[in-house]
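**Student:** quick one, structure for this:
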Amino acid sequence: MGDKYTDKAKSAGLRARSAYKLMAINQKYSLIKPNDTVLDLGCWPGGWLIVATRKGASKVVGIDLKAIDRIQGVTFIQGDVTKEETLSKINGKFDVVLSDMAPQTSGNHSRDVGRSIALAEIAFEVAKRFLKPGGKFLVKVFQGAGYMEFVNNVRKSFSFFKTIKPEASKLKSREMYVLGIGFR
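**Tutor:** Modelled structure (predicted):
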């Protein structure tokens, strides 16, 4: 038996507690709208992909190093988002780019934060390449050294910007979600 959100996710067919983080952010900021195109970086196990399809996204593409079980209406690319051979398989521009990527945590706070920020920076570079003008970007990042620098860098590319800690995040977690709306 897991925590409240893990149990809810399993019973709702959402695969991961993180789906509730995305749903809360989506409810407040209208991140994913019907007919949007959505790119999910680091999509395993697929919870955010399921949320995107349930919100009526017309095209949903997920990328991860690990294979996921098939989800109807989703195109899955197994590969590394840092490699051009993976990115070259992505077709078109997207209304929304999501990333819930996180490093394998080591217990060393500064190392984990550094790895998290590196993944968030990769996600931001991919977003800049594949977002439509006016698009939306949501990325998870751990707070610590380099966090504010990353936040300020992302802020410059969007007309609306917010950092969020959803209720479904574990209290002890240093994760934050960085949201940009109105890509320019």
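
**Student:** so after the top helix by length along the chain, what's the next helix or strand?
**Tutor:** In the chain, with assignment by DSSP state H, the single longest helix is helix 109-130. Tracing the chain C-terminally past helix 109-130 and defining elements by DSSP states H and E, one meets strand 131-142 next.

**Student:** residues contacting that next one, please?
**Tutor:** Strand 131-142 has contacts (C-beta atoms under 8 Å, 6 or more residues apart in numbering) with 22, 25, 31, 37, 93-102, 112-113, 116-117, 119-120, 123-124, 127, 147, 150-151, 154, 157-158, 174-184. Placement of C-beta: from N, CA and C, glycine included.

**Student:** filter these to the buried ones?
**Tutor:** Buried subset of those (neighbour count, 16 or more other C-beta atoms under 10 Å): 22, 25, 31, 37, 94-102, 112-113, 116-117, 119-120, 123-124, 127, 147, 150-151, 154, 157-158, 174-181, 183.

**Student:** how about the nearest residue to Lys162, chain neighbours excluded?
**Tutor:** Leaving aside its sequence neighbours, Lys162 sits nearest to Leu179 (C-beta to C-beta, 6 or more residues apart in numbering; 4.7 Å).

**Student:** got the contact list for the residue most central in space within the chain?
**Tutor:** Closest residue to the average C-alpha location of the chain: Ser99 at 2.2 Å, with C-alpha atoms, centre = their mean. By C-beta under 8 Å, 6+ apart, the contact list for Ser99 reads 40-42, 119-120, 123, 126-127, 138-140.

**Student:** can you redo these as JSON lines with pLDDT and distance to Thr75?
**Tutor:** Output for these, formatted as JSON lines (pLDDT from 0 to 100; distance: C-beta to C-beta, whole Å):
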{"residue": "Asp40", "pLDDT": "98", "distance to Thr75": "10"}
{"residue": "Leu41", "pLDDT": "98", "distance to Thr75": "13"}
{"residue": "Gly42", "pLDDT": "96", "distance to Thr75": "15"}
{"residue": "Leu119", "pLDDT": "97", "distance to Thr75": "22"}
{"residue": "Ala120", "pLDDT": "98", "distance to Thr75": "24"}
{"residue": "Ala123", "pLDDT": "98", "distance to Thr75": "18"}
{"residue": "Val126", "pLDDT": "98", "distance to Thr75": "16"}
{"residue": "Ala127", "pLDDT": "98", "distance to Thr75": "18"}
{"residue": "Leu138", "pLDDT": "98", "distance to Thr75": "19"}
{"residue": "Val139", "pLDDT": "98", "distance to Thr75": "21"}
{"residue": "Lys140", "pLDDT": "97", "distance to Thr75": "22"}
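
**Student:** from the buried ones among the contacts of strand 131-142, which land in helices?
**Tutor:** Counting by DSSP H, the part of the buried ones among the contacts of strand 131-142 found in helices is 22, 25, 112-113, 116-117, 119-120, 123-124, 127, 147, 150-151, 154.
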